[in-house]
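Q: Structure for this input, please:
(chains A, B, C and D)
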2 protein chains.
Amino acid sequence: MASSIHDLARHLNISIGTVSRALNGRADVNAETRQRVLEAARKLNYSPNQSGRSLRQGATRSIAFMLQPHPGDQQYGEPFFIPFLTGLQARLAESGLDLIVVMGAPGDYQQERLRRVVETRRADAVVLAWTRRDDERIDYLAERGFPFATLGRSRSGGKSYPSLDLDFEKAGADAVDRLVARGHRRIAAIRPSLDLNFGHLFMTGYRKALRRHGIEVDPGLIAEGFINEAGGYQVTPRVMLSKDRPTAIIFNNDAMALGGCKALAEMGIRPGHDIAVIVIVDTPLCRYFSPALTGFRPALEPMGQRLAEMLLASLPAHAGPEGPRTIREVWPLELIARESD
Amino acid sequence: MASSIHDLARHLNISIGTVSRALNGRADVNAETRQRVLEAARKLNYSPNQSGRSLRQGATRSIAFMLQPHPGDQQYGEPFFIPFLTGLQARLAESGLDLIVVMGAPGDYQQERLRRVVETRRADAVVLAWTRRDDERIDYLAERGFPFATLGRSRSGGKSYPSLDLDFEKAGADAVDRLVARGHRRIAAIRPSLDLNFGHLFMTGYRKALRRHGIEVDPGLIAEGFINEAGGYQVTPRVMLSKDRPTAIIFNNDAMALGGCKALAEMGIRPGHDIAVIVIVDTPLCRYFSPALTGFRPALEPMGQRLAEMLLASLPAHAGPEGPRTIREVWPLELIARESD
DNA sequence: CGTTTTTCCGTAAACGTTTACGACAACACA
DNA sequence: TGTGTTGTCGTAAACGTTTACGGAAAAACG
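A: Next up is the predicted model:
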C-alpha cells in the first residue's frame, strides 16, 4: 500500500541509490533530477519507512521519556511533567527527533519497561524523571553505556550524564526565611519519602534555614506521605496534633497541599487566616485554589528545552562543535507570593 | 555492542534460522536445541532488534496514543488520561504490544505529529482522544485505512472503527434532575467549545432535562470557556451576573470547576452553601476540594483496557475467533454525591 | 529391506533504507 | 591527443530479523 523508495525509482526510471541521495539532500545529485524526485515523492505520497531507516543507520531517531508512577502509589505527577515535555519535544523536533513517552506499569519496580526500551533499541536515548537518591535506573543505563539524561539529581557517584534539576534546597530555605520573617517559629513540613531526591533536598534546605534562625527542628512537625492528595490529607492532621501546634506548613507539592488543606478545613483551620501555607512546586492548581497558595514556580517548558539540548550535545551523533559540554545544571525556583501565607 | 541473532548462531554453531525459530517458539526445533538457544540468549544478553523485526514483519508491535492539546490552549487534560492510559497499556502489554504516547505540539492544528506517526509507520495503530464533533483526524485515518480507535464519539458518518465513550448526555441530564429534585430551577452550565463532542453531549442532556421539567433554558446561564482553570475563572462571573442569578452551576470539568469556585469565592459566594455545584467528570481534585465536589466518576482504567481489547479485535493480525466485534460502546458515569450540592 | 513419513535444520530471500565504491561521460588543461 | 578533474549516477552490500523451501537423517510402516 505505502510507496517505497523502489516505487519512486521505478516511476522515474532511475536507481534507488539516486532517489535516496536526492531525498537526503546529498551533494552528488543533479539539481534537475533532485527536483523530479521530490515531485514524485510528493505525488506518490512517499515517506521513508522508519524501520528500514533505523535498521540501516542503527538509530531510531527518537528519544523516550519514562513516565513512572511513584512506588506504592498510582501518581505520575502529570501536571508537573506536561509543560516540561512540551519543551522537550519542541527542542527535539528541531533536530528531527521524535519524543515518545513510555508509561511504566504501576508496581513495576524492576524497570521492566525501561529495560524493554533499551534492549529492543526502541529509542536512541532516554530521559528519566523523579530521580531517587540512589537510583538503580541510572546505574543500569550507565553500566550499559546507554545515553540518557535526568530531570533531577541523584547521589550516584562518578557517572557522567546530563542532568537538570530545580533548587529545592534553596526553595525550602527561602520558604522558611519568609515565614520566619513574618513571625513564624513553628513551621511544619509535609514531604514525600526522602528517597525521592527532591524531597531530600527540600528538607535539607528546611533544616539548614531553621538552624540558621536558631530554631530547633521538631520531628513532630515533619510528616511523610504519598506524594498525592491522599498523602497530604492523611498526614497533615498528624503535625496539627503536635503538642505545640505549628503556625505554618510547607507542602512539597500541590497535590499534597490540596489534600492537606482539606484536612485543615475539616479541623476548622483556614489557610491564610489561621495558618500560613506555602507549597514548593507551584502549578495552576495553586493559583486557582482559595485562598491562592503561595508557591515556587519552576520554568518547566524552558527546562524541557534545555535538557533536550544537553542531551543532544552528549549524543555522539549530534555532538556539535567543541564548546564545553554542560553536564549538570540547577535552576532556581521563583517565589510567587499569593494569599495563603 | 549489542548481540544479534548471528552472534548466538556463531556461538552455538548452528544457523540463524534455527536460532530464530527456537526463540519464537516454533514447533520444528528440537527441544534440546531450543534449550541451548535460550540459555545462550540469556548468557549473551540477547534481545531482538525491534527495527529488524518491524522491517521484516511490516509491523512495529506498538500502538500510539496521541496526546493533543486543546486548540487555543495548552491544556492536555492529563489527570483524566493517566488512569485511562494505565488500563490501555496493561491490556496491550498482555498481547505483547508497547504503548507509546506521542505529544502533539501546541498549536499543531494540521495534525503534523499524527501524520508523522502514520506515514513513517512508527505504530501499527493509533488511539485518539478528545474527539471533536467533526474530526479531521478520523477522516484522515479512515481515508488512509490506518487502524485506529477513539476515546469519545464523533459525528463522522459511515466509518467503522472501535470507539468508547462516556454517557455525558445522561450525566448532564442526571445532574439537572438531581438539582431540580433539590428545588433548583435556575441552573447554569459552564462548558467548553461545543466542537468538543463531550461538551456537546453534556449540553444536549442538560437542555433535554430542563425541558422535561418544564424549565426554559436561559442562554444567560450558559457560558463557554477554555477547558482549564483559567477558563472556568473567566467565565463563571458571567453567569452570576445574569439578572436572575442561578442557584446551581454544573461544570463540565474539574479544572473549570476549580477556576469557577475561585471566581465564586471572590464574589463571596460559597459552593455548597450559597450555590450548588456539580462537576461532570470527577477526579481526585473534586474529592479533596473544600467543599468536596459532587461529580460523576468514570471508570477510566477499565475503559482503557476495554478500548485496547476492541482495538486489538479490529486489527487484522490480532483478530481473534469469529465472535461479533463490538464497534462502539458508551459507558455510564456514576454519580458520587459529596458536599457541594 | 524398500518406501513413506516425520523430525530437524540449513539456505537464502525478503523487508526498506543508506552508502561505499566504481563507472562513465563531460570537461579542463597541458 | 593524453591526462586529470569534476559531476552524476548505478551497483551491491549491509543493517537484524523472519520464513518459505528443500534436504538429510531418522523413524515408522508395509
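
Q: didn't residue A:269 look like it was pressed against residue A:240?
A: Yes. The pair residue A:269 and residue A:240 passes the contact test of C-beta atoms under 8 Å, sitting 7.2 Å apart. No exception for glycine: its C-beta is placed from N, CA and C like everyone else's.

Q: Would you check that residue A:89 makes contact with residue B:105?
A: Yes. Here residue A:89 lies in contact with residue B:105, judged by C-beta under 8 Å, at a distance of 6.6 Å.

Q: out of these two, which sits in the more crowded spot?
A: Neighbours of residue A:89 and residue B:105, each counted by other C-beta atoms under 10 Å in any protein chain shown, are more numerous for residue A:89; the result is 26 against 14.

Q: so who does that one touch?
A: Residue A:89 is in contact with A:99, A:304, B:103, B:105, counting by C-beta atoms under 8 Å, 6 or more residues apart in numbering or on different chains.

Q: do stretch A:217-235 and chain B meet at all?
A: Yes. Applying C-beta under 8 Å from any C-beta of the partner chain, one finds stretch A:217-235 touching chain B at A:228-230, A:232-233.

Q: now stretch A:140-153
A: Yes. Interface with chain B: stretch A:140-153 contributes residue A:145 (C-beta under 8 Å from any C-beta).

Q: Tell me the buried residues in that stretch?
A: The neighbour-count criterion (16 or more other C-beta atoms under 10 Å in any protein chain shown) identifies A:141, A:146-153 as the buried residues of stretch A:140-153.

Q: Work out the gap between it and the centre of the chain.
A: 14 Å (C-alpha atoms, centre = their mean, to the nearest Å).

Q: which residues does the nearest residue to residue A:131 once chain neighbours are set aside contact?
A: Here the nearest residue to residue A:131 in space, its sequence neighbours aside, is residue A:152; by C-beta to C-beta, 6 or more residues apart in numbering or on different chains that works out to 3.7 Å. Residues in contact with residue A:152, defined by C-beta under 8 Å, 6+ apart, are A:128-131, A:163-165, A:197-198.

Q: Return the residues of the stretch 201-341 of chain A in contact with chain B.
A: Selection of the stretch 201-341 of chain A residues close to chain B by C-beta under 8 Å from any C-beta yields A:228-230, A:232-233, A:255, A:258-259, A:261-262, A:265, A:284-285, A:287-290, A:292.

Q: In helices, which of these appear?
A: Among those, the residues falling in helices (DSSP state H) are A:229-230, A:232-233, A:255, A:258-259, A:261-262, A:265, A:284-285, A:287-288.

Q: Confirm residue A:99 sits in a strand?
A: Yes. Residue A:99: assigned to a strand according to DSSP: H, G, I helix; E, B strand; the rest coil.

Q: Let me know the pLDDT of it.
A: Residue A:99 is assigned a predicted lDDT (pLDDT) of 94.

Q: State the pLDDT value of the nearest residue to it once chain neighbours are set aside.
A: Nearest non-adjacent residue to residue A:99, counting by C-beta to C-beta, 6+ apart: residue A:89, 4.1 Å away. At residue A:89, the model reports a pLDDT of 93.

Q: go on, residue A:283?
A: According to the prediction, residue A:283 has pLDDT 90.

Q: still on that earlier bit, three-state assignment of the residue nearest to residue A:99?
A: Counting by three-state DSSP, the backbone at residue A:89 sits in helix.

Q: and if you look at residue A:304?
A: The three-state assignment at residue A:304 reads helix, by three-state DSSP.

Q: Pull the number of nearby residues for it.
A: For residue A:304, the number of neighbouring residues by other C-beta under 10 Å comes to 27.

Q: Residue A:135 versus residue A:152, what's the distance?
A: 9 Å (C-beta to C-beta, to the nearest Å).

Q: any residues in contact with both of those two?
A: With contacts taken as C-beta under 8 Å, 6+ apart, residue A:152 and residue A:135 have residue A:128 as neighbours in common.
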